[in-house]
Structures are given as structure tokens and as C-alpha cells.
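A.B. asks: Mind folding the following:
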Amino acid sequence: MLKFHMKRAQDKMKSQTNKHTTDREFEEGTWVYLKLQPHRQMLSLPHLREDGLLAYKPMAILERRLGKLNNKPVMYVLIHWTNRPIEEATWEIYADVLA
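C.D. replies: Okay, the predicted model is just below:
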């Protein structure tokens, strides 16, 4: 009996999800819109000095954005770091940068 109810619940969840999705095929050269997230994954660990502080310091704030963290408003800033190319700018919490 339990398996029956579990299967029925799973089927209902699957059908609800599939109501909002469609299979789409695109031809080469078709323009599409993508939703990009305002963050960037760091591939390497930051360099630290011998005293444990970051070797890079903020050089400039390129952009500001209001976001949420734990359902509270938080100001994010796009930081251009010293001795790093502008392409490696990262989004950081403004309060953490000030600390």
C-alpha cells in the first residue's frame, strides 16, 4: 500500500513539473536568451601572505547589487582586485569587504 501511494505521489510531482517544461529544438544560428547568475565560481584559492591576510586588496568597486542572504537584504559589490585582471573581478558581500 505504501509503495502505491509513493508511486502515485511521484507521478503527480512529475506531471506537475512537466506541465511547465517543453522539449525545444534549435537550429544552428538561432538566437536564444540565457539566464546568467550574478556570481562567478573561483577556480583557485586566494593567495595569502605569511600573516594569513589576503595578498590581494580591493582596487575598485565596479558595480553594486542588492541581493538576499538568509532572507535578509545584503549589498553585493563587484570588486576589481589589485594585481588581477578585470576579468577576474568577483562579487563579494560589501560588509565583508569593509572588515
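A.B. asks: ok, the top strand by length along the chain: who's next to it in the sheet?
C.D. replies: In the chain, taking DSSP state E as the definition, the longest strand is strand 58-69. The sheet places strand 58-69 alongside strand 72-81 (antiparallel), with pairing taken from DSSP bridges.
A.B. asks: which residues sit against the strand it pairs with?
C.D. replies: Contact with strand 72-81 is made by 38, 56-68, 86, 88-95, 97, as judged by Cβ atoms under 8 Å, 6 or more residues apart in numbering. Glycine gets a C-beta too; all of them are placed from N, C-alpha and C.
A.B. asks: For beta bridges, what are the partners of Ile79?
C.D. replies: Ile61, Thr90.
A.B. asks: ok now the longest strand of the chain, how far from the chain's centre?
C.D. replies: 13 Å (Cα atoms, centre = their mean, to the nearest Å).
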